[in-house]
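Asker: sharing a sequence plus its predicted fold:
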Amino acid sequence: MPNRLRTLLASLCIVASGGAALWVATDGLRVFTTETARRVSVRAAPRLLPDVALQDDAGARFALADLRGRWLLVDFIYTRCLSCCNVLGGDFAQLQQNLAAPLRDGRLRLLSISFDPAHDAPAELAARKRRFGDHGIGWTAARPLDAAGLATLGHAFGLKVVEDGMGGYVHNASIALVDPRGRLVDVFDAGAPGQVAAAVQRRLAQ
């Protein structure tokens, strides 16, 4: 066999082996980032969320498990955020309108959770909702009661937060869907409330 042909065949084998390894390692080329991996994992195997104590924007205390029995849309924010949290606030305001019927009859709830509880007291949480045009239907803003609760929630939802060196944070921005059994079943990009509303309506119709 000519040397050139042997070299070509060897190169093709290396490419094929590398491609197969990449296919397996990325779950059929679907997983290229940790965020994508998280979403693929959640959809394939919904995860039961831990029960964590929270305080809402009216000052009342409740447990995350108290909200079981209905669908939840959950985002993580901090009230001083001027970037992606504004996108999430706009998304929730639009979802509050587009999903008014299931919110009104209790089949669905919107839940914004602050990961900056030292600053985001009930008054700040309530003010943020008003800023985005809250209609008073089915939208709760809350904060964990302690650092352990925040860490537990962050791990369960895949929250990533890094201080930006200017008193704020850089964080992943998404909307999580939790089923009535308290399981995280899907994660959506911020800035696509129409897609989120359509997905929720499909779930409610099942």
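Answerer: In hand now; what should we look at?
Asker: please identify the buried residues of stretch 117-137?
Answerer: 117, 120, 122, 124-126, 128-129, 132, 134 (16 or more other C-beta atoms under 10 Å). Just so you know, the C-beta spots here come from the backbone N, C-alpha and C atoms, and that holds for glycine as well.
Asker: can I get those residues in JSON lines including pLDDT, distance to residue 63 and secondary structure?
Answerer: Listed next are the buried residues of stretch 117-137 as JSON lines, based on pLDDT from 0 to 100; distance: C-beta to C-beta, whole Å; DSSP: H, G, I helix; E, B strand; the rest coil:
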{"residue": "117", "pLDDT": "96", "distance to residue 63": "16", "secondary structure": "coil"}
{"residue": "120", "pLDDT": "97", "distance to residue 63": "19", "secondary structure": "coil"}
{"residue": "122", "pLDDT": "98", "distance to residue 63": "17", "secondary structure": "helix"}
{"residue": "124", "pLDDT": "98", "distance to residue 63": "22", "secondary structure": "helix"}
{"residue": "125", "pLDDT": "98", "distance to residue 63": "17", "secondary structure": "helix"}
{"residue": "126", "pLDDT": "98", "distance to residue 63": "20", "secondary structure": "helix"}
{"residue": "128", "pLDDT": "97", "distance to residue 63": "22", "secondary structure": "helix"}
{"residue": "129", "pLDDT": "97", "distance to residue 63": "21", "secondary structure": "helix"}
{"residue": "132", "pLDDT": "96", "distance to residue 63": "25", "secondary structure": "coil"}
{"residue": "134", "pLDDT": "96", "distance to residue 63": "23", "secondary structure": "coil"}
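Asker: how close does the residue nearest to residue 197 when sequence neighbours are not counted sit to residue 199?
Answerer: Leaving aside its chain neighbours, residue 197 sits nearest to residue 98 (4.4 Å; criterion: C-beta to C-beta, 6 or more residues apart in numbering). Taking C-beta to C-beta, to the nearest Å as the measure, residue 98 falls 12 Å from residue 199.
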